[in-house]
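**Q** structure here, sequence nowhere to be found:
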């Protein structure tokens, strides 16, 4: 059993976390929890979804660390999730062209049973500005099918649509790695050292 669980099936989050911790230290287990958008401000609502996903995994894997996350795109108070069709993706990209929008990722870290602090949680916001996109650019990207599994209908690592960014670049990909690295360095090694001491005392 690996000591850490990423409660996601996102290959982008897996790659980011692997660069920080090494793929051998964690496993990816997507949550089966229903994602319900509660009637609250945007940060509270997206954090609720991330906590729901992380807690569902933590309940089944109580001896492991669990990291959950959820990413949304916000354009003028409108939530832009994953598009339901290529036409919706096309419309979204036209709306984002030559405009600022926000990318919010809610992140939750749950410690193994009996370890304190039990939970860390945060919402990280990055402001992103698209240059003026041509119809041809949008059509080529939409035709690739790539927008369909991405909030806001785009992957920042795939396209050159962005001309300005304020905040964490990796947050737009799906995990704010500055925050995650701080959490891992602050809390995860404590358990590893404790296990080593316990093993030496056996």
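**A** Nice, I can see it. If you're wondering where the values come from, they're calculated on a predicted model, not measured in any experiment.

**Q** for the residue sitting nearest the centre point of the chain, what are its contacts?
**A** The centroid of the chain falls nearest to residue 174 when counting by CA atoms, centre = their mean (3.5 Å). Neighbour list for residue 174: 8, 10, 12-13, 16, 69, 71, 105 [criterion: CB atoms under 8 Å, 6 or more residues apart in numbering]. (Each C-beta comes from the backbone N, C-alpha and C, glycine too.)

**Q** what score does it have for pLDDT?
**A** Listed pLDDT for residue 174 reads 94.

**Q** do the same with residue 111
**A** Looking at residue 111, the pLDDT reads 94.

**Q** thought it was touching residue 63?
**A** No: if you go by CB atoms under 8 Å, residue 111 and residue 63 don't touch, sitting 10.4 Å apart.

**Q** and the two? Which one has more around it.
**A** residue 111 (19 against 11; other CB atoms under 10 Å).

**Q** find the nearest non-adjacent residue to that one, please.
**A** Leaving aside its sequence neighbours, residue 111 sits nearest to residue 118 (CB to CB, 6 or more residues apart in numbering; 5.4 Å).

**Q** same question, residue 176
**A** Of all residues not flanking residue 176 in the chain, residue 124 sits nearest, at 3.9 Å (CB to CB, 6+ apart).

**Q** for that neighbour, give the beta-bridge partners.
**A** In this structure, residue 124 bridges to residue 105 when assessed by DSSP bridges.

**Q** from residue 175, how far off is it?
**A** 9 Å (CB to CB, to the nearest Å).
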